[in-house]
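>>> could you work out the structure for the sequence below:
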Amino acid sequence: MKPLALTCLLAGCLVGAADVIVLAALSGNTADLHALLWAVAAYGLLGLLGGLGLGAILVRLRHLDAQRTSANTSAAFLAGMGLFVTRYRLYRDLFHEGFRTLSLRGLAFNGSLLVLFVVLFILCRWLGLRSAPRPKAKLRGSGAAVLLLAAVAGAASLITQPRTSLSTPPPGIAPGLESAPNVILIGVDTLRADRLSCYGYALSQTPHMDALAADGVRYADTMAQASWTKPSFATIFTSLYPSSHTATGKPNRLPRAVTTLAEALAASGYHTGGYADNVSIAPTFGFDQGFADYVYLPPSYLFVGNEAASQTALYQLARRAWFVASGGRIHPQQFYQEAAVINRHALAWLEANKGGRFFLFLHYMDPHDPYFEHPYDGRGTARASNQTPDPALAPALSRLYDGEVRYLDEQLGQLFAWLKGEGLYDDALIVLTADHGEEFQEHGGWWHGQTLYQEQIAVPLLVKAPGNVRAGEVVTDLARSLDIAPTILDVAGVPVPQAMMGRSLWSASEPLPYAFAEEDFEGNVLQALRTPTHKLIWANLDNPRGLAAEALFDMVADSGEQHDLSSALPDQALSMRRLLRDELLLALQRAVAADVSTLDATVRDRLHDLGY
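Residues are numbered from 1 along each chain as shown. Predicted structure coming up:
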């Protein structure tokens, strides 16, 4: 049954090439074609092994009509692989995993795919029988096709290989910036405010972040505008609500029409650099806007893969299988680059640019799952492999999370020590914040991105101004991630773009009356409005998380948001509902045209690796 094996090899190669080509077409990113050779080889190997296995079975069964059997088997194999890729792309990239398999939509979706499989099988079988050549001719033709496809894939992979190089630092300080500060924005992924000792946490200590807070202003009540990475960092970068900047879904890019913090600083003469550690904010999603240097540091890849290959359906399936087979023995670099690696890159960039006036964005991933012991012992708990851990594990996983925060704090201490040693710390504007928090069963769930409770949207915000002005001050008024970019620009003396919706916390004269957050993630469509005393959360009906359509909480008496008062306080709920509606309408009215990168394969795969 050699013809069958070679036919399945060719079928696998074709499906692999199709997966990458569709991916590149949807994302509009030709760099995705860098995965062509890997995909052709990997899918082809799967096809070859499948063909050999099926051939051996058919030989044992002693089928008499070899031609018809070969056509049936290869058609089923090609249709099955095509269906696997099609389902993966549609469910993740088109429907954003917004429904469950056993729901009405899920059953209709999978039923439609079964019909598609039958149609594909009939078509492939008909083509196979109609064009079946003699065995030797078939071998020669299939072999030549495989070699030609591999050659084309190899050339495309080589041509489209991403090349990154840092810009040449400017010779000195740009005119007009002589008295302006250098700016460092530290964005920590998944860092809850209430897990820092400067915010009152007693079970673990974070002395270096505490020291930064002592040298600056600590905003005690800061609300993120979303509870997962992409929309939240997009808000930090643009000072726009998620519905305004539209980078809210897994496939969405940050639109080119927005004005970013980096663009505003660069326009004033700052040399801009950034290091991203999460694919959600990689250049493929437009987060490099305004940066002279913006480097995404990808994780280490399995199976001789690369960033583009990691976006393919087969890579993700094989990766999950590998983690299951490995018995949970994993390392951070299989998911993200740890803080020590970020520091190494950051210090090299700072060394090269310390003579000029710079803005540097540093993104750290360590508090994000998987949660590891420090020092690493090869074990970790990852959302990607266990979406719903046993609730009894909450204390243990919370302890591991605290350990990750302590590790990050140690690494930030090394960054701050270097800045002090180079004489850069005192006169710099250093801002530390997070995109969102993390849930440990406070409301019956895990991770982030599915609720707007405080454990997921209450984030730290520390602002150390040049000369340590206002050192040790604590501001208890409401603050928002929306306000971070205007605050940085204000302190740096750079005009705030008119499009930005936030305000400078540094110059604010009146307390903020309320703060707004929103989420549209994996079928959960949520909005929240927070006043100094109350919080209202609205959720779509039949949301996958099972949240109530409306809930009102007294944030003074019930800061843990355990007792819904929407029925007991109908007038309060009504007034806050109107404010929430008005703020949502404002966000929608300011919306820019969405840029959809239909999930740049790298992003999709990296997102899934991180549990999204």
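
>>> residue boundaries of the strands in the stretch 51-200 of the chain?
With strands called from DSSP state E, counting those that start in this stretch, the stretch 51-200 of the chain shows them at 183-188.

>>> now the stretch 401-550 of the chain
In the stretch 401-550 of the chain, the strands defined using DSSP E, counting those that start in this stretch lie at 429-434, 439-440, 446-447, 458-459, 461-464, 473-480, 515-521, 524-530, 534-539, 550-554.

>>> dump stretch 172-181 to CSV, keeping only the CA atoms.
Extracted C-alpha coordinates of stretch 172-181, given in CSV (Å, rounded to 0.1, in the frame of the first residue of the first chain):
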residue,chain,number,x,y,z
GLY,A,172,22.0,63.1,22.2
ILE,A,173,19.0,64.7,23.8
ALA,A,174,16.5,66.1,21.3
PRO,A,175,16.0,69.9,21.5
GLY,A,176,13.3,70.9,24.0
LEU,A,177,13.7,67.8,26.1
GLU,A,178,16.8,68.9,28.0
SER,A,179,14.8,69.3,31.3
ALA,A,180,12.3,66.5,30.5
PRO,A,181,12.6,63.2,32.4
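
>>> dump stretch 557-566 to PDB, restricted to CA.
C-alpha atoms of stretch 557-566 as PDB (Å, rounded to 0.1, in the frame of the first residue of the first chain):
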ATOM      1  CA  ALA A 557     -19.400  47.200  53.600                       C
ATOM      2  CA  ASP A 558     -18.800  44.400  51.100                       C
ATOM      3  CA  SER A 559     -15.500  45.000  49.400                       C
ATOM      4  CA  GLY A 560     -15.400  41.300  48.400                       C
ATOM      5  CA  GLU A 561     -18.600  41.700  46.400                       C
ATOM      6  CA  GLN A 562     -20.400  38.800  47.900                       C
ATOM      7  CA  HIS A 563     -23.900  40.200  48.500                       C
ATOM      8  CA  ASP A 564     -26.000  41.400  45.500                       C
ATOM      9  CA  LEU A 565     -28.100  44.500  46.500                       C
ATOM     10  CA  SER A 566     -29.700  45.100  43.200                       C
END
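
>>> that stretch - what's its average pLDDT?
Here stretch 557-566 scores 97 as its mean pLDDT.

>>> please apply the same query to stretch 304-316.
Mean predicted confidence for stretch 304-316 is 76.

>>> so how far does it reach from one end to the other?
For stretch 304-316, the first-to-last residue distance is 13 Å (CA to CA, to the nearest Å).

>>> and it, what's buried?
Going by neighbour count (16 or more other CB atoms under 10 Å), the buried part of stretch 304-316 is G305, N306, E307, A308, A309, S310, Q311, T312, A313, L314, Y315, Q316. Placement of C-beta: from N, CA and C, glycine included.

>>> and which of these is nearest L116?
A313 (15.7 Å; CB to CB).

>>> what sits against that closest one?
D19, F84, V85, Y88, R89 (CB atoms under 8 Å, 6 or more residues apart in numbering).

>>> from the residues you listed, which land in helices?
D19, F84, V85, Y88, R89 (DSSP state H).
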